[in-house]
Structure formats: structure tokens, C-alpha cells
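In: My questions concern the predicted model and sequence given below.
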Amino acid sequence: MSRGTHRLHVDWTRCDGHGSCAELLPELLTVDDWGFPVSRSGERDPVVPVALEAHARRAQKACPLLALRLVRATERPAR
Amino acid sequence: MTSTLTTQRLLAGLDHGPVPRLTVEALVDLLEASGLTGRGGAGFPTVQKIRSIGRGPVLVGNAMESEYLSHKDALLLRAAPGLVLDGLEILAIALRARRALLAVGHRLDPGPVREHVAVRRSSVEVRHLDGGFVAGQESALVNRLDGGPALPGDPLVPVRHRGVDGRPTLVVNAETLAQLALLARYGADWFRSVGTPDDPGTFLVSLTGSTREVVPHPGVVEVPRGTPLGDVLASAGTPLPRARAVLVGGYHGTWLPMAALDAPLSREGLAPYGATPGAGVLHVLDQRACPLRTSADVASYLARESAGQCGPCINGLPRMADTLTRLAAPGADRALAAEVDRLRGLVRGRGACAHPDGTAHFVASTMRVFAGHVESHLRGECHAQGRAA
């Protein structure tokens, strides 16, 4: 599987644990005890494999709070 | 305090004369040559911060001192407010800053620095702000100064790109500013003449104990980076047999066992223990206190101090603290220890700011350094003296 050029970023200031992202992208996300998304790899902002990019975009569109974002892999948070 | 241990620079009480004017090139050269790192906690090289900031930024001096065990910025604003102001003005001139603000936390007295601002007719804006443990976090502070609530922002938009007034914003700790004020006058060689080659200069240490017996003389001292932990404790009169462990760095910090007394207080010296000097906090735990009970109280405090914004922090931190509290009762179920470990793994790397990570780091350190004490509790015993745990 090709490594991909995008990362999956959760904006925690918006996320309210709706859970649709984990339903639509179970390969990369699961939920915690309270329904908030957890990266399966444990990595903050995990890289999206090319094969899953379409699914990731669907998950992004499904988020009612626009909290899920696909960002270019070069674009890293400050910490 | 013995005079052989401390190196009085920031706290020397001298008049250092007028504020030097530096170009941005001279400033970068000076910071590069000196190796000055941020004294607020993260320990980031100051030169990198300067290099990454855009033109015409807003400058923010951070004297929030929101770390509960830290008292250094309070002392600095009392004993050397002029140096903090000098540091801000040096940066403001070199970077052609649009505005320069100094955020002073509610536990600190803004009076002396305001007097200096008035006497100099400085354009620095002093703000006296309330707020808890997370209020000093860079983006929370910027949001607050920008008129919003003191909530951390999404790290995808760092304040160095978009901060106060929507401008690139540089946030620098008050002690770092004071260090810069001396560095700009006396040069990189002077700065490096104490400390270690990899971690030069002095820093302010806030030293407290869980009881008056274990640290008879609490306070703030200025010591060279790399000073052995044991020397600082000895200077405060700590009777070593009375001490169980030392929390290094603050509530997001790391427990060091008493076997680590020779550890140099520098980044490389503390790295083997998974610790950093952080904001210079040392807190000595009395042998008579149960370390699990104490740590559970700290974890509970940190859970209450969540800004209440991000799900993993709102939910995960109280659950982790409650689980640690239940584990701190002798005769606790063994499953609780595994649950503490699961929860700290669960909160790590999630949330807008470093509060969940810092809290998980502290809890991990508790479980590692006091592993023997955890086993005692699971057997129904607590070896802490002087308390019926």
C-alpha cells in the first residue's frame, strides 16, 4: 500500500465525538470510551495511505463540525 | 543558601545601564552563539523561535507562571522587572514589532514592572490576567490577549503564523527575556562561562517540599545549568534520609528517585531519567507521604485544570485521576494498575494542547518510579510512615 501524501488531522477544539469519522474510516480510526476518535496507529495526525484517501475525504465531508481535516503531509502542527 | 552554589546574574540586583539596540542579524548571531533556550518549560532554542517569526510581529512576554509549583517569574518581576522589560524592548527593536505585551499572572504583582514602564515611557502593554494551569499555554494566552476566552487553539494554525491581532506572534517566557537582557550586554562568551557546553547559562529554580521538614528553606535560587540535583537540595537544608523522591520540571514533569541525586540539572543530564529541567521546578516529596496518594492528588488537580475544551481531556483526565486515586488505597484491585496504564496511553497525543500529554507523562513517571510502592498497595500495605493510608 502506497504511503500517501496526506495526514488525517482532528481539530480537537471542534470535535464533539459525533463518531461518523471512525465509522467511515475504521482502518485508521476507532473511538475511545466516550466516542471520540482515536488514531489506530497511536500516531498524532496519521498518514493516509493512497488507497484510503477517497474514504478519508468522505469521512471529512461527513463530520458535522468540520473537525476532521486532510492536510498535506508536509504541513505539521507546531508541536 | 550557600554563596558557592548560586551564580547571581538575574538576581544580582545590579544596574545594567541602557538597553542595547540590536539588529535582527546581530540578535540571531548572539542567540546562536550563546545557545540560549526558553526557560518557560519547553526548552526550545530561542534562535529558532526568532528565525521562524514573520516580519512586524506582536511580542508577548509570558509571566503567567501558571505552573502551580513555579515561583521564579514572581521573584523576577519583584527583584528584576527592568530586565524583563529590557528583553522585550530588545526583541521589539530588532524585529520591528507592532506591539509588545507583557502578560502577568494573577499570583504575581504587576506593580514594579508597571513602574518601570511608566518611568521609561515604554510602549510595552502590561496585562494582569487571571487563569489556571492552562492559561499560560501559548495559544490560550494569545486567544485571551486577543479578547477571546483563554482556550488553546488548533496547533495546525500556530501563533507564530496567526496570533494577536491576526499577526505573527512571538511568545517568550519572562525569564528568557531577562536572560536575553544580560546576554545582549555581556555577550555569548560571558553567557557560556557557566553551565554546560550543551546547556549553558544559569536558570531559576523554584524549590519546594511537601512538608517544611523535607525542605526547611523553600524558595527560588539561580544556579548554573548542570548543577547536580543533590547540591541544590543540600543548599535548601533538605535532610536526605527524609526525602522519598523529587518531582522535576513541574506537574507535567518527572519523579526522580533519591538514587538520582548526582543527576545534573541540564537537558542532557536529565535525559536518562526521561526528565527535562522544564520551568525549573523541584518539589521534594517527604518520606512520610504516600507517593501514590500525592500523585493522585496532582493528577486530580490537573484533571480539574483542563480548559474543558477537548473531549479526550474532559473525559480522559478525570477517569485517569480517579483510577489512580482508587489505586492509592491499599488493597486495591490489580486491574486498576493496568487501567491507569491504558488510560494514559489513550489520552496521549490527543487534544489541542499538551495538557493531556503532560498529565500522562506525569502519571507514567509515577507508575514507573513508584512501581514498588504500587506492589505494596496491591498487597494491602503502604510503607509511607506517619499516615494511616
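Out: It's in.
In: neighbours of B:D29, just the number please.
Out: 14 (other Cβ atoms under 10 Å in any protein chain shown). To be clear about C-beta, it is placed using only N, CA and C from the backbone, and glycine gets the same treatment.
In: Distance-wise, check it relative to B:L22.
Out: 9 Å (Cβ to Cβ, to the nearest Å).
In: and what of B:G163?
Out: 23 Å.
In: Could you list the low-confidence segments of chain A?
Out: Under the criterion pLDDT under 70, the flagged ranges of chain A are A:1-2, A:75-79.
In: got a list of what the most centrally placed residue in chain B touches?
Out: The centroid of chain B falls nearest to B:A279 when counting by Cα atoms, centre = their mean (2.4 Å). Contact partners of B:A279, counting by Cβ atoms under 8 Å, 6 or more residues apart in numbering or on different chains, are B:39-41, B:67, B:70, B:72, B:173, B:206, B:249-250.
In: cool, B:Q179 as well?
Out: Shown in contact with B:Q179 (Cβ under 8 Å, 6+ apart): B:10, B:36, B:39, B:87, B:191, B:201-202.
In: Which member of those is positioned nearest chain A?
Out: B:R39 (17.8 Å; Cβ to the nearest Cβ).
In: what about that closest one, how many neighbours?
Out: Neighbour tally, B:R39, other Cβ under 10 Å: 28.
In: Is it in contact with B:L180, as I believe?
Out: No: with contacts counted by Cβ atoms under 8 Å, B:R39 stays clear of B:L180, the gap being 10.2 Å.
In: Can you list the neighbours in contact with stretch B:15-28?
Out: Contacts to stretch B:15-28, defined as Cβ under 8 Å, 6+ apart, come from residues B:30, B:47, B:50-51, B:82-83, B:86, B:89-91, B:93-95, B:181-182, B:184-185.
In: which bits of chain A sit near chain B?
Out: A:9-17, A:32-36, A:38-39, A:42-44, A:69, A:71, A:75, A:77-79 (Cβ under 8 Å from any Cβ of the partner chain).
In: Could you pick out the buried ones from these?
Out: Buried by 16 or more other Cβ atoms under 10 Å in any protein chain shown: A:9-15, A:17, A:32, A:36, A:38-39, A:44, A:69, out of the residues of chain A next to chain B.
In: Need the max-distance pair from these.
Out: Comparing every pair within these by Cβ to Cβ identifies A:D32 and A:R69 as the most remote, at 19.4 Å.
In: Now do B:H16, the pLDDT please.
Out: Looking at B:H16, its pLDDT reads 89.
In: and if you look at the one 4 residues further on?
Out: We note a pLDDT of 95 for B:P20 in this prediction.
In: Let me know the helix or strand that it is in.
Out: Here B:P20, judged by DSSP states H and E, is contained in no helix and no strand.
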